[in-house]
Every structure is written in C-alpha cells, then in structure tokens.
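>>> Here's my sequence, what's the structure:
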Amino acid sequence: MWKMRFVFVLLLLPHLLACENNIETTQLTGEDVLTLLPEETNVLVYLNITSLQESPFGAEIHKQMDSEINIAEEEEYQEFMEETGINLEEDVHEIWLAGLADIEDKTAGGAIIRGDFDQDRIKTYLENRDDIDDIPDQIKYEDREIYVWHDGDEDNGMIFRDNETILFGDINWLKTVIDNEENNRKNVLHNKTMAKCIQDLPYKKHIWGVLNLKELSGKWAEQIREKGHMFKGSKSIENMETVVLAIRLQDKADVYIRGIFATTEEADNLASMLNGFKAMAKLMVSDDKEAIDMLNDINIKSNDKELKITTEIHKEFIEKVQQKRRTFAQGNSKLLF
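Residues are numbered from 1 along each chain as shown. Sure, this is the predicted structure:
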C-alpha cells in the first residue's frame, strides 16, 4: 500500500503540500540542489521535465504515454487541479531523485522538485479536505516545518522550501538535507566518485543518473546485481563499481551508458558478452532491415576499466515498437524457436 501511495504522491508532489516557512530562503538553481544532498548519496537521477517536453522526441514520447496513461483523466487529479489551479505538465520543471544505503543496510532517500507552486491555494485545499486520513501531521526541525504521513513503521514527509522547491522523502533524509543547507555540511559533490561521474557526463540538460555500486552495500547491491547470475560472465556484472546514464533528446535520443569496473578484464568480458547478444539479436531479425540498422547503431566498446554503450534512437523506433506491440497483441507473432 505504501508503495502505491509513494508513487501517487510523487506524481502529484508539487501539489500536495502547503506550509508557511519562517526562514527566508534564496531560490535554488540546479547546481544548488546538489549541495543539499548528503555526501553518502550513491543513487542520483535527474530529469528536466521542461526541456524534455520542449524537444521533438520528448513530445513524441509524451504523446505515446498520454495515449496509454492519462493522469489528467483521473478523478482525484481533476479535483485537485480545479481546487489549486495547478497543472502537472506546466508547473513541474525539474525532478531530482536521490538515495543512499549504509553498511548496515539502512536506506534513505527522497526527491527534490522544482517548479511553480501556489502555496496559499494548496493550503486551502488541504485544510478543507473531508478525508482526514490524508491530512499530515506537522513537526518542526531546525525551524523548518515538515508535513509527515505515517504508514506503519515508515514516516515520509514534505517540506515546502519556497515557491519553487518542494522536498519529499524519508524523514531522516529530509533532516539531513536541512542540516546540509543550514550548517553547510559536506554534500554529494564531496563524494569523489559521484562528483567525478557528474562532472564527466556528456549530457546534463535532459536526463542523467549515477549509480555508485562500490559504495552501495548490502541488500541494495545484491538486488541490483542478482539478475546477472543468469548470464555467462555475470561476475563482471557483479563487480561493476559504477554505472552512469545520460540521455539527450532533440529530434532523436542520444543515449550514453558507462560502466566502471575494478579491472580491465571485467570490462572486456562484459563488452564481449553484450556484443554477442547483439549478434544473436541481428540473426533473430535478419529479415527486418530497419531492426538490423537499429542494432547496428548500438556501439559497445571497452577501454581500460570502462565499458561504454552509445546509440541513437529515432522517432521511427518508437513507431516500430508500437507496431510490434500491436502485432503481439493481435496474436500474429511467430515463435523464434
């Protein structure tokens, strides 16, 4: 239940919180957000919603998603828009998702959302709701007001930092973010691995992410790596130290994936395995020139301790995927073996 609520709250994040902040704050820029995140952060994902929507390729993806999952048609969202005058597609500009896991398998994380918010209308909406179960408690931390939702043993909270920034996440994570800002403590940019990966990103405007497996210990790392056991060469996957993803959307999507390993041999082994899969895929679609061209556009190379995968995805790819899905749905597909 809490996972469903988390997803729904995240989708409606900019619209669920209204509180007055007694601390005078300055407006954050994208770079400033990084200084709020704990030094121990080992999972970080960034999405620039505005830039994605403005790109031709992003608009095409949005169109496809909107035809299948249109949140605007949900009754609760319609009610919310009417009461607050807020539109998800127009008022959310950037989303930062961050997480960390320590050596004792304690996890924490949350999201920082930047956009345009009308806190007075949102506050009125919350205070006049009939469903009292969804009215959060309020606590104070370092003179900041946190709205808290209790779900069993888990407490998630929100902070309305200013008219442009909302924070949502685990209570301990929120307190750490507040400490970082108030006391100028070390942040994710002091984490050498994370800082270097962020600095070396080829694209930073649309979508990017960094997963620091070397410092992501215990259960998290096991869950991420366990899928590799079904493949030959899975030890290379298990020993991957860092994964970096970056996507730039224009009239096409430029995709960049980089894996960093402990040894050159591990990088080479995984590159060979992936290129083998690519060759097998080409044989399976040998009668489909467009599919072969798409596979040929996927470049998989290893150099020293790094594996790099780059490719371009065009609008035609989305159309072809939709066509394949319709074919499977109609039962017209043929078994490969």
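
>>> Relative to Leu270, how far out is Met240?
Using Cβ to Cβ, to the nearest Å, we find Met240 at a distance of 8 Å from Leu270. C-beta: built from backbone N, CA, C; applies to glycine.

>>> what touches both of these two?
Counting by Cβ atoms under 8 Å, 6 or more residues apart in numbering, the shared contacts of Met240 and Leu270 are 259, 261.

>>> now for the helix ranked longest in the chain, which elements pack on it?
In the chain, taking DSSP state H as the definition, the longest helix is helix 264-284. Applying 3 or more Cβ pairs under 8 Å, 6 or more residues apart in numbering; DSSP states H and E, one finds that helix 264-284 contacts helix 234-238, strand 252-261, helix 289-296, strand 299-303, strand 306-314.

>>> Apply 6 Å and report the result again.
If contacts are counted by 3 or more Cβ pairs under 6 Å, 6 or more residues apart in numbering; DSSP states H and E, helix 264-284 sits against helix 234-238, helix 289-296, strand 299-303, strand 306-314.

>>> which stretch among the ones you listed comes nearest Asp153?
helix 234-238 (31.2 Å; Cβ to Cβ).

>>> For the closest one, the averaged confidence score.
Confidence for helix 234-238, expressed as mean pLDDT, is 61.

>>> what do you get for stretch 301-313?
Average pLDDT, stretch 301-313: 92.

>>> would you put the C-alpha positions of it in CSV?
The C-alpha trace of stretch 301-313 is given here as CSV (Å, rounded to 0.1, in the frame of the first residue of the first chain):
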residue,chain,number,x,y,z
LYS,A,301,33.2,-0.8,-26.6
SER,A,302,35.6,-1.3,-23.6
ASN,A,303,38.6,0.7,-22.9
ASP,A,304,40.8,0.1,-19.8
LYS,A,305,38.4,-0.5,-16.9
GLU,A,306,35.4,1.1,-18.6
LEU,A,307,32.6,-0.1,-20.8
LYS,A,308,30.7,2.4,-23.0
ILE,A,309,27.5,1.9,-24.8
THR,A,310,26.2,4.6,-27.1
THR,A,311,23.3,4.7,-29.5
GLU,A,312,20.8,6.9,-31.2
ILE,A,313,17.0,6.3,-31.0
